[in-house]
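sequence first, predicted model second:
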Amino acid sequence: MIKNQSIKTIKTIFFDGGDVLVKKIVNINKQISNYLDISLDLYHQKEKELIKTDKDIPQAWRDIATLEKEINYFRMFSGKLLKHLNLDVKEETVEYMAMCHVKRCYVPVEGAREILDYLSQKYQLGIISNCLVSRKYFELKDFDLEKYFDEVVLSREIDVDKPDPRIYKYALKKAGRQPEECAFIDNKVENLQAVLDLGFGKVVLFPKEDYEGADFPAIDSLAELKVTF
């Protein structure tokens, strides 16, 4: 049981990105399959076949470290998938499919901007996320959220994924903080446990319903962070 977590020494609060600050509201595969006028089941089937059989795709996925590489990856993937579906590989179709992946339809989680307004008056804020690079260049900018964060650490940009301790150590160094001076809000238990093992001063699981019964301080809404901090 996690006990006696204190906010007295907390100076920096790190957030996960996807599902904590922004959430997806569009099924991308359904969006693309409708555009191609094929069934969603067929789309899923052919996509899985392609990922399993094409040797170039796994390495190209691992190599995504910039927005340019991400866009080029989805253009490449979309072209290959159209061929696998025996459909015409038209430039406009490839571009539409690629942009569906890159410019996904997200919205801020309810209460995100209000709680960031509140917390940024008292703490340094940062992001530690495994999300694709485009989230940093689109959602954070589109919704005017980037202004709240001093440090945005993405696994893609440093080639280290959560819950690998190295990504948290990198974020600590960037922020100029010791572990006990930091808190972390994430929706995955394994990520919270990793920062606790490093000595973070506080963790919060959000949203709570993702892991009902998990042995971590948990909240149902971001507004509850006003009580927590």
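Yes, it's here.

what comes up buried for stretch 115-123?
Across stretch 115-123, burial judged by 16 or more other C-beta atoms under 10 Å covers Ile115, Leu116, Tyr118, Leu119, Tyr123. Every residue, glycine included, has its C-beta placed from N, CA and C.

please give the element, helix or strand, for Val204.
Here Val204, judged by DSSP states H and E, is contained in strand 202-205.

which strands and helices lie in contact with that strand?
When contacts are defined as 3 or more C-beta pairs under 8 Å, 6 or more residues apart in numbering; DSSP states H and E, strand 202-205 packs onto strand 182-186, helix 189-198, helix 225-228.

would you turn the ones you listed into a markdown table with mean pLDDT and distance to Ile127?
As requested, those are exported to a markdown table (pLDDT from 0 to 100; distance: least, C-beta to C-beta, whole Å):
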| stretch | mean pLDDT | distance to Ile127 |
| --- | --- | --- |
| strand 182-186 | 97 | 10 |
| helix 189-198 | 95 | 13 |
| helix 225-228 | 94 | 15 |
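
what's the mean pLDDT across the strand holding Val204?
In this model, strand 202-205 has a mean pLDDT of 95.

output that strand as CSV, restricted to C-alpha atoms.
Provided in CSV are the C-alpha atoms of strand 202-205 (Å, rounded to 0.1, in the frame of the first residue of the first chain):
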residue,chain,number,x,y,z
LYS,A,202,4.0,11.5,-5.6
VAL,A,203,2.0,9.7,-8.2
VAL,A,204,-1.6,9.9,-9.3
LEU,A,205,-3.6,7.4,-11.4
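
for it, the distance to its chain's centre please.
Remark: strand 202-205 is offset 17 Å from the chain centroid, using C-alpha atoms, centre = their mean, to the nearest Å.
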